[in-house]
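Next one to model:
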Amino acid sequence: MQDRRIDLMRRRLVAAGVCAAGASGFGVSRLLAQSLPPARQPLLRELDYGQVQLLPGPLQRQARENHQRVLGLDEDALLRPFRIREGLAAPGRDLGGWYDTYAFAPGATFGHWVSALSRHHAITGDAATQEKVQRLVRGFAATVEPEGRFYVHNRFPAYVYDKLVGALVDARTLAADPLALDTLARATTAALPFLPPHAIPRNEHAAEPQDFTEHAWDESYTIPENQFLAHRLTGDARHAALAQRFLYDDFFAPLARGENVLPGKHAYSHVNALSSAAQAHLSLGTPLYLDAARNGFAMIAAQSFATGGWGPDEHFILPGSGALGASLADMHKSFETPCGAYAHIKLMRYLLRITRDPLYGDSMERVLYNTVLGAVPLQPDGHAFYYSDYTRDAAKDFHPDLWPCCSGTLPLVTADYSISCCFADSGGLYVNLYVPADVSWQQGDVRARLRIETQYPYAGTVRMTLDLAAERSFAINLRVPAWAGGAEVHVNGRRERGTLPAGAFAVLRRSWRRGDVIELELPQPLRLESVDAEHPDTVALLQGPLVLMRLLEPAAAPEVALTRAELLAATRPVPAGHEWEVVAGPQKLRLRAFPDITDQRYSVYQDVRGA
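Take a look at the predicted model:
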């Protein structure tokens, strides 16, 4: 089968009057943003972190695991780089790895961890978590002085400052920290002399002392998002000025025009920069920034693996080059999983809220289930899962260095599962991710609650039960994935309308009562997706949003020639189990989704022959 994910994107582009270009036929040459209706729709509202409580299941388990890991981090060790670089007494031990005082990125993940703790406190209400946030803010505040000695000979002044801003905003808004805003003002004063004059492109070929004088490895182009948020919270004009000063218009303007300037750029940080474009659109009302974010996503989707991941060896590829398929030979560093998933899911939330296009929810869940949900847990000593491996003989492993950037983003992305699940507007609720959860929101003058029970994505049935204090009329909008043709929905056992349109929100508008039950049935046909147009016979097998990866048995050769028909005839020996089976001649091949692979070797893509 042809790559239906790319076909869907192409159909969206054609429907929007957008031409395809490039050798692969999947490039973007005009504005995807033209598909927006002329009148701007009201923004979908994120629910608060505490309004979505995950129920037992893989997402809840991973979120709690990361909460506890960060809650257990030694506070003196976390504060040590800031204290030493400021010439203060620094009890405790070094964490090691990237984090150490004069290491590659001293203190770089401190802001991530404070943000993660603040978000997990907002979810759980846990007093110990709030107290830890406040101790860390108090300890950090004691290291901040106007001269900013922490930033002297620091490779990443913009990166560290940006994460600190996000942390202090979260500490104030989510953990009620009384010192956060004063500390933010002082931290901004300290960092300002060390920031570049504008967004500086990443220069990965620079050598010292350029790393310090030219901001060669820094990521100043991701700063605006948190600056806009800080300005909204504090009213400090410096944040508004910094947000606009670091808007990466040399990147955003060509994207908005439909020019693909992604090839060769560092993938994760530039996807993260697109969230700054989305936030700039929300803050300034400038269409260019929304166009840049939407077109950038379209260009990324057109060069993504079946898992939704992108950026082999941390970089975007040249369309039509076949580089994605070629990377399967020996590029074990295929996707910066926690960092990439965090940036991707965050961008999808922005675009979904702005456009209400369920395409972004489809992309979010693909990345969730096929990348970050399968990440190996962060270890107490700082070993962190970093890259997903998509080669023909792949395995899960840790980054060789302790405490890399992904050790900071994994706790963040798992905290954000809550706010990615559902959204709301004055007309009702939008259900985006089908995960076991209790969702509560205010519908007019009535408190409403929706309990979601499901084994999705391993099964296609989703049961949702309403609890309302009084009968009210509103809409419940259910995302029907683009692959789910023939989906049906029943309310209180009665089928609603005919089959639901795939790739759209199904709108259930009626007068709801306590105890009403919605049952959604999402068919999950097996399908194949080629890695790129230049390698049409190298395919991944999917069911629903899950990529089914072949386990490499110790006694079996890694390459097995299969037919498309053999792959599409995969079955589940145990219907409720998490393993599939393909019969290929005398062999029986086992397949699992990424979250169910532990220490087994595996292959995401298979070579096919014939029909």
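
Please make it C-alpha for all contacts and neighbour counts, starting now.
Noted.

Relative to residue 452, how far out is the closest residue to residue 56 other than its chain neighbours?
Take residue 56 and drop its neighbours on the chain: the residue closest to it by C-alpha to C-alpha, 6 or more residues apart in numbering is residue 436, 6.9 Å away. Residue 436 sits 5 Å away from residue 452 when distances are taken as C-alpha to C-alpha, to the nearest Å.

For the two, indicate the residue with more neighbours.
A side-by-side neighbour count of residue 436 and residue 452, using other C-alpha atoms under 10 Å, places residue 436 first with 25 against 22.

Isn't the more buried one up against residue 457?
No: the pair residue 436 and residue 457 does not pass the contact test of C-alpha atoms under 8 Å, sitting 11.0 Å apart.

Show me where the stretch 251-400 of the chain has its strands.
Counting by DSSP state E, counting those that start in this stretch, one finds strands in the stretch 251-400 of the chain at the ranges 335-336, 387-388.

for the helix or strand that the last one is followed by, the distance to its chain's centre please.
Counting by DSSP states H and E, the element after strand 387-388 in chain order, helix or strand, is helix 406-415. Helix 406-415 sits 10 Å away from the centroid of its parent chain (C-alpha atoms, centre = their mean, to the nearest Å).

Name the residues that touch helix 406-415?
Here helix 406-415 makes contact (C-alpha atoms under 8 Å, 6 or more residues apart in numbering) with 59, 62-63, 66-67, 70, 109-110, 112-113, 115-116, 119-120, 123, 336-339, 341-342, 345, 372, 378, 382, 384-386.

Among those residues, which ones are in helices?
Judged by DSSP state H, the contacts of helix 406-415 include 59, 62-63, 66-67, 70, 110, 112-113, 115-116, 119-120, 123, 337-339, 341-342, 345 as members of helices.

quick one: the helices in the stretch 501-611 of the chain?
When secondary structure is read from DSSP state H, counting those that start in this stretch, the stretch 501-611 of the chain shows helices at 564-568.

shaky segments in it?
Where the stretch 501-611 of the chain drops to pLDDT under 70, the residues are 555-560, 611.

quick one, what contacts the residue lying closest to residue 44 once chain neighbours are set aside?
Leaving out its chain neighbours, the residue that sits closest to residue 44 by C-alpha to C-alpha, 6+ apart is residue 353, at 4.5 Å. Going by C-alpha under 8 Å, 6+ apart, residue 353 touches 43, 44, 45, 46, 423.

what separates the nearest residue to the fourth one once chain neighbours are set aside from residue 492, distance-wise?
The shortest distance from residue 46 to any residue that is not its chain neighbour, by C-alpha to C-alpha, 6+ apart, is 5.1 Å, and that residue is residue 423. The span separating residue 423 from residue 492 equals 23 Å under the rule C-alpha to C-alpha.

again with residue 316
With distances defined as C-alpha to C-alpha, the gap from residue 316 to residue 492 amounts to 48 Å.

Which one's more surrounded, the two?
residue 316 (24 against 13).

Looks like that one contacts residue 265 (just checking).
Yes: look at residue 316 against residue 265 with C-alpha under 8 Å: they come within range, at 5.7 Å.

Outline the domain layout of this protein.
53-246, 425-454+461-521, 526-607 (automatic domain parsing).

Which of those domains sits closest to residue 322?
Proximity to residue 322, assessed across those by C-alpha to C-alpha, is greatest for domain 526-607 (5.1 Å).

and the end-to-end length of that closest one?
First-to-last residue span, domain 526-607, C-alpha to C-alpha: 17 Å.

Can you give the distance from that domain to the centre of its chain?
Mean-position distance between domain 526-607 and its chain equals 25 Å (C-alpha atoms, centre = their mean).

one step back: who wins on neighbours among the contacts of residue 353?
When the contacts of residue 353 are compared by neighbour count (other C-alpha under 10 Å), residue 423 ends up highest, at 23 neighbours.

Just give the nearest non-adjacent residue to the residue positioned nearest the centre of the chain, would you?
To find the centre residue of the chain, average its C-alpha atoms and take the closest one (C-alpha atoms, centre = their mean): that gives residue 345, at 2.7 Å. Closest residue to residue 345 apart from its sequence neighbours, by C-alpha to C-alpha, 6+ apart: residue 364 at 5.4 Å.

Could you report the separation of that neighbour from residue 120?
As defined by C-alpha to C-alpha, residue 364 lies at a distance of 21 Å from residue 120.

ok, now residue 153?
From residue 153 over to residue 120 the distance is 33 Å, taken as C-alpha to C-alpha.

Between these two, which is the more surrounded one?
Remark: of residue 153 and residue 120, residue 120 carries more neighbours, 31 against 14, as counted by other C-alpha under 10 Å.

how many neighbours does the closest residue to the more buried one other than its chain neighbours have?
When the adjacent residues along the chain are set aside, residue 120 lies closest to residue 415, with 5.9 Å between them (C-alpha to C-alpha, 6+ apart). Taking other C-alpha under 10 Å as the criterion, the count of residues near residue 415 is 28.

what's the pLDDT at residue 415?
At residue 415, the model reports a pLDDT of 98.

what's the answer for residue 15, then?
34.

swap in residue 110?
Residue 110 is assigned 98 on the pLDDT scale.

That one and residue 98, how far apart?
12 Å.

And residue 379, by the same measure?
To residue 98, residue 379 is 15 Å away according to C-alpha to C-alpha.

Compare the two (neighbour count), which wins?
Neighbour comparison, residue 379 and residue 98: the larger count goes to residue 98, with 20 against 15 (by other C-alpha under 10 Å).

List the contacts of that one.
When contacts are counted by C-alpha under 8 Å, 6+ apart, residue 98 touches 104, 105, 106, 401, 402, 403, 404.

What are the phi and psi values at it?
Torsion angles at residue 98 (phi, psi; degrees, to the nearest 10) stand at phi -60, psi -20.

Residue 107: neighbour count?
The burial count assigned to residue 107 is 26, neighbours taken as other C-alpha under 10 Å.

And the pLDDT for it?
With respect to pLDDT, residue 107 scores 96.

ranges for the strands of the stretch 501-611 of the chain?
Using DSSP E, counting those that start in this stretch, the strands assigned to the stretch 501-611 of the chain run over residues 504-512, 517-521, 526-530, 538-543, 546-551, 580-584, 587-592, 602-603, 606-607.

SS state for residue 241?
helix (DSSP: H, G, I helix; E, B strand; the rest coil).

separation between it and residue 223?
11 Å.

higher neighbour count, these two?
Each of residue 241 and residue 223 had its neighbours counted (other C-alpha under 10 Å), and the higher figure belongs to residue 223 (28 against 14).
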